[in-house]
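Novice: I'd like to go over a predicted model; first the sequence, then the structure.
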Amino acid sequence: MVIGVFLAASTLVYIGAKGSKDVVGTLSDSSVILSNDSSEVTIDPYDESSTELPAYTYKVTPTYVLDASGKKVYSGTATACIQWANDKTPTGGTVSLAAGTFSLTGKIWINKNLVGAGTSTKLVAAKNLGTDTMVQVAKRDFSALSKITLSNFEVDGKGATYTSGIYGGIELVRCTYCTLSNIYIHHFPKSHGIEFQASSYNTVTNCRIANIGYGNQYGNGICSGSQVAGVSSTYNKIDGCTITGCSMVGVNWEPGNNNVVSNTVIKALTSWSGRTTGITVWNKGGYANSNNNQFINVQVDDDDTNLVSTGTTGTVIKGCTFTGAKSSGVYTSGCSSWTISDNKIITKGGHGIYTWNSNKMKVTGNYVEDGSGAKKGRGIWITSDSTHTSSGNTISSNKVVNCAYGIMFGAKTISSTVTNNVVTGCYTEYKITSGNTVSNNS
C-alpha cells in the first residue's frame, strides 16, 4: 500500500491527495502511527516544490467567465474578464484562457497562474491601452509574489502606438520562483518583451520575442531594470528562447547577478541609434551590480557588437556562437575574472575578443575568425589605456584565422600568459609586449 501524506499544522496523516479527509494515522517523533492493522506502509510525502498546476478555478473567454462547473459567473470586456477571474481566484489557483482574441484596453495585473490554449489565445493591445506594461506580473502593492506560472498564449502589441506610452509586453516586479513558458510576445513600440524588476529565481523557457522597439524607439527582448534601488534581479534562467527584431538589445542585464541564459538565439536586430547589441551586461551605478552571469550555448548573429559589458566580474561565456559583428564579438571594459571558453566567433570585419582595462580574463579554446574576407580587426586583443594595466590574463588553446592581427597585447598588458594557441592567415600573427609569458604557440 502507498500512502501520500500531507503533513499540515496538525499531526494527522492523510491518505491520497492534499486535503483528503481519510485519516490513517498520526505523526509522533517523525514516525507514522497507523490507525489500522496494516503491517507495511510506504510513505510518499507531498512535494511542496511541485510545479504541477491545479485544475483551473475560472475559464475566461473574451466576453465572459465560467467557473469550474461550467457556470457563467461574469460578463464584460476582455480586460475586465481576465482581471475579475485573476482577482477572484484563490492563491495557488489557475485562470484558464480559452482560444480567442482578447482585446485589452488597459493593463492587467496577474498574480495567479494564467494558462492559455496556445497561440490561438491572443492578448492584443488596443490603441488606447494606456501608459504601462500590458501584462503586469505583480501584486497591486508590489509586495512579494512567488510560484506562479504564465504559459501558452500570445501577447501582441502592434495595435498600440508609441504615443499611447505603452511600455512593453510582460513585466515581473518582486517575483520569485515564477515561470513563463511558451509565450509569443511581439510588436511593442518601446521598452521590452519581458522585464524583471527586483525579481529573482524565475524561469523563462521556450518563449519567442520579436519586434520590440520601432519608430526610433529603443527595444529590449529580455531585460532587467533598476526601479528598486539597490535590488538587482538574480538567479533567473532563460532557456530555449528566440529573440529577433529588437531595436537595441536582445538580452540586457542592467542590473542583474547570477543569471543564466542558455540555448537561446538572438538575431536580426534592428537599430534605433545606429548600432545594436546582442547581449549587454552592465553595472548600474547607484543601483546594483551585474556579476557572475552565464551565457551557455547562445547564438548571436549580425549585430554591431555581439556582447558588451562594463565593470562586471565573473561572467562566463561558454559554447556560444557569435557571428556577423562589425565592431566586436565580445567587448569588455573594466571587467575582471571572466571565463570566455569554447566559443565560435566569426566577425564581419570587427575584433573577435576585445578586452579594455580588464584583468584576470581567461580566454581559452575559442575559434576566432574575420569572416569578411578582408582580414580586418584583431582576433584577440587585450589592452588598456595609459593610466591602467591589464594583468593576470590567460590566453590559451585558441585558434585565430584571417584577421589583421591574431593575438595582440597593448603596451600596459602585463603578467599574462599566452600558450598553446594557433594563429593562421593573419597579417601579423602575434604582437605580445614584454612582461608576459609566451610558450608553445604556432
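Specialist: Looks like it arrived, so ask away.
Novice: what ranges do the helices span in this structure?
Specialist: For the chain, the helices defined by DSSP state H occupy 78-88.
Novice: what residue is smack in the middle of it?
Specialist: Nearest to the geometric centre of the chain sits residue 238, at 3.8 Å (CA atoms, centre = their mean).
Novice: Name the nearest residue to it, ignoring sequence neighbours.
Specialist: Nearest non-adjacent residue to residue 238, counting by CB to CB, 6 or more residues apart in numbering: residue 261, 4.5 Å away. No exception for glycine: its C-beta is placed from N, CA and C like everyone else's.
Novice: shouldn't that neighbour be in contact with residue 299?
Specialist: No: taking contacts as CB atoms under 8 Å, residue 261 lies outside contact range of residue 299: 10.9 Å.
Novice: need the contact list for residue 262.
Specialist: Each residue near residue 262 by CB atoms under 8 Å, 6 or more residues apart in numbering is listed here: 237, 238, 239, 240, 294, 295, 296, 297, 298.
Novice: Buried among these? Make that a ChimeraX selection.
Specialist: A single ChimeraX command selects the buried members of the contacts of residue 262 (16 or more other CB atoms under 10 Å):
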select :238,239,294,295,298
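Novice: Output the contacts of residue 262 as TSV; include the columns distance to residue 82 and pLDDT.
Specialist: Formatted as TSV, those follow (distance: CB to CB, whole Å; pLDDT from 0 to 100):
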residue	distance to residue 82	pLDDT
237	27	99
238	26	99
239	27	99
240	27	99
294	35	98
295	35	99
296	36	99
297	36	99
298	34	99
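Novice: and which of the contacts of residue 262 is nearest to residue 381?
Specialist: Residue 381 has its nearest neighbour among these in residue 295, at 20.1 Å by CB to CB.
Novice: Near the spatially closest residue to residue 386 that is not a sequence neighbour, how many other residues are there?
Specialist: The shortest distance from residue 386 to any non-neighbouring residue, by CB to CB, 6+ apart, is to residue 412 (7.1 Å). Here the number of neighbours of residue 412 (other CB atoms under 10 Å) works out to 17.
Novice: now do residue 136
Specialist: 18.
Novice: list the contacts for it?
Specialist: 107, 108, 109, 110, 171, 173.
Novice: Check those and tell me the two furthest apart.
Specialist: The two members of the contacts of residue 136 with the most space between them (CB to CB) are 108 and 173, at 13.9 Å.
Novice: from the contacts of residue 136, which is closest to residue 395?
Specialist: For the contacts of residue 136, the nearest to residue 395 is residue 171 (40.7 Å; CB to CB).
Novice: My guess is the closest one contacts residue 142. True?
Specialist: No: judged on CB under 8 Å, residue 171 makes no contact with residue 142 at a distance of 11.1 Å.
Novice: more crowded one of those two?
Specialist: Applying other CB under 10 Å to residue 171 and residue 142 shows that residue 171 carries more neighbours, namely 25 against 14.
Novice: What residues are bridge-paired with the more buried one?
Specialist: residue 136, residue 195 (DSSP bridges).
Novice: for the nearest residue to residue 117 once chain neighbours are set aside, what are its contacts?
Specialist: Leaving aside its sequence neighbours, residue 117 sits nearest to residue 99 (CB to CB, 6+ apart; 4.4 Å). Going by CB under 8 Å, 6+ apart, residue 99 touches 116, 117, 118, 120, 121.
Novice: what pairs with the lengthiest strand in the chain, and is each one parallel or antiparallel?
Specialist: Criterion DSSP state E: the longest strand present in the chain is strand 179-188. Take DSSP bridges as the rule and strand 179-188 pairs in its sheet with strand 149-156 (parallel), strand 203-205 (parallel), strand 208-212 (parallel).
Novice: Name the residues that touch the shortest one?
Specialist: Yep, that's strand 203-205 we're talking about. For strand 203-205, contacts defined as CB under 8 Å, 6+ apart pick out 178-182, 194, 222, 236-241.
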